[in-house]
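Chemist: sequence first, then the predicted structure, then my questions.
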Amino acid sequence: MNDLNQIFAALADPTRRAIVARLAKGDATVGELAGPFKISPPAISRHLKVLEEASLITNQRQGKHRRCHLKPEALTGAAEWIDFHRAFWSASFDRLDVRLKQTRKDKKS
Amino acid sequence: MTTKDESPVLEITRIFEATPAEIFNAWLDREEWASWIGPEGVHCDVPLLEPRVGGGYRLIMHLPDGNIIRIAGIFKAIESNKSFAFTWGSAEGDRRETLVTVELRDLHGRTELKLRQEGLPTAADRDGHDKGWNSTMNKLVAHLAARGQQRSSDSSRRPHGVA
């Protein structure tokens, strides 16, 4: 089951975030993705598998190579959800702060 | 953010010039809650708030553009002047429901409030009927950003480093 927990877990790893950042610029083969990292091809494959299972990327075989593609729509739900609630609570607390200070003033006077 | 964070959680910490009891009452009293909940410029009605475990609440947000967001939930835990937890989700058929936990720490005259919100919807929910909810959320986020009301003290475990 692909849910947001899985997406966050997939993105909790810095190597996988770097892979996603690279794919945001365009599709790449597994070899191209492995290039900047000092880790073995099997390790890269494991990272790609986690990203695939979270529906963040897809890959297609092209001859000898596999070509990876980012599915940015998978990120939308998580980001929107968090942005909304952070903004909501944050702005509410601004008002609560004002409210509490006002209540204290009223008590004093 | 560390690589250990594996679940999507929103955490916000704020320090208030008030006692834990004052903050507790500001949340658990229906009229008090309605007086501050929601962003500036977004009028909120609280037609129901039952401050007991198993009790429910309803919150209606009136956005500046006329859109309405309806939230509903149930109190799962209440410890007087210390902490409480409630479910939080859209009241309109959207199955998205999260758990909000609020903890109050007495700092001798001031109080640290820690809010934690967890529990995310499935991809199936997201792809289906909640597009309207997301777009309404986006409008509110845009509204808030325009007012510059977001504070840097807030934190969340949002993945970053992604384009």
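Modeler: Okay, I see it.
Chemist: residues of stretch B:45-54 that come out buried?
Modeler: Buried positions in stretch B:45-54, judged by neighbour count with 16 or more other C-beta atoms under 10 Å in any protein chain shown: B:46, B:49, B:51. Using the backbone N, CA and C atoms, a C-beta is placed for each residue, glycine as well.
Chemist: is it anywhere near chain A?
Modeler: No: counting by C-beta under 8 Å from any C-beta of the partner chain, chain A is not contacted by stretch B:45-54; separation bottoms out at 12.3 Å.
Chemist: contact partners of that stretch?
Modeler: B:28-31, B:33-34, B:37, B:55-60, B:62, B:74-78 (C-beta atoms under 8 Å, 6 or more residues apart in numbering or on different chains).
Chemist: got the CA positions of it in PDB?
Modeler: The C-alpha coordinates for stretch B:45-54 follow below in PDB (Å, rounded to 0.1, in the frame of the first residue of the first chain):
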ATOM      1  CA  ASP B  45     -17.400  29.000  14.500                       C
ATOM      2  CA  VAL B  46     -17.300  26.300  17.100                       C
ATOM      3  CA  PRO B  47     -20.800  24.900  17.300                       C
ATOM      4  CA  LEU B  48     -19.800  22.000  19.400                       C
ATOM      5  CA  LEU B  49     -17.000  21.300  22.000                       C
ATOM      6  CA  GLU B  50     -17.400  18.600  24.600                       C
ATOM      7  CA  PRO B  51     -14.300  18.700  26.800                       C
ATOM      8  CA  ARG B  52     -14.300  15.100  27.900                       C
ATOM      9  CA  VAL B  53     -12.700  11.900  26.700                       C
ATOM     10  CA  GLY B  54     -15.000  10.600  23.900                       C
END
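Chemist: only the buried members of the contacts of stretch B:45-54: can you turn that into a PyMOL selection?
Modeler: The PyMOL command for the buried members of the contacts of stretch B:45-54 (criterion: 16+ other C-beta under 10 Å) is given here:
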select buried, chain B and resi 28+33+34+37+57+58+59+60+74+75+78
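Chemist: filter the contacts of stretch B:45-54 down to the ones in helices?
Modeler: B:28, B:30-31, B:33-34 (DSSP state H).
Chemist: closest to chain A among those residues?
Modeler: Distance to chain A, by C-beta to the nearest C-beta, is smallest for residue B:33 among these, at 9.5 Å.
Chemist: what kind of secondary structure is the nearest residue to the closest one once chain neighbours are set aside in?
Modeler: Leaving out its chain neighbours, the residue that sits closest to residue B:33 by C-beta to C-beta, 6 or more residues apart in numbering or on different chains is residue B:46, at 5.4 Å. Following DSSP: H, G, I helix; E, B strand; the rest coil, the label given to residue B:46 is strand.
Chemist: pLDDT weak spots in chain A?
Modeler: Within chain A, the ranges that satisfy pLDDT under 70 run A:1-5, A:8, A:72-80.
Chemist: at 90 instead, please
Modeler: Residue ranges of chain A with pLDDT under 90: A:1-27, A:29-45, A:53-56, A:59-66, A:69-88, A:90-91, A:102-109.
Chemist: quick one: the helices in chain A?
Modeler: Using DSSP H, helices in chain A cover A:4-11, A:14-24, A:30-34, A:41-53, A:73-108.
Chemist: for residue B:104, find the nearest of the ones you listed.
Modeler: helix A:73-108 (12.2 Å; C-beta to C-beta).
Chemist: between the two ends of stretch B:60-80, how far is it?
Modeler: Terminal residues of stretch B:60-80 lie 26 Å apart, using C-alpha to C-alpha, to the nearest Å.
Chemist: if we can go back for a sec, got CSV for the ones in helices among the contacts of stretch B:45-54, with pLDDT too?
Modeler: Formatted as CSV, the ones in helices among the contacts of stretch B:45-54 follow (pLDDT from 0 to 100):
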residue, pLDDT
B:28, 96
B:30, 96
B:31, 94
B:33, 95
B:34, 94
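Chemist: which two among those are spaced furthest apart?
Modeler: Spanning the widest gap among the ones in helices among the contacts of stretch B:45-54 are B:28 and B:34, at 12.1 Å by C-beta to C-beta.
Chemist: so how many other residues sit close to residue 105?
Modeler: Using chain A. For residue A:105, the number of neighbouring residues by other C-beta atoms under 10 Å in any protein chain shown comes to 9.
Chemist: the chain in question should be chain B.
Modeler: The number of residues near residue B:105, taken as other C-beta under 10 Å, comes to 14.
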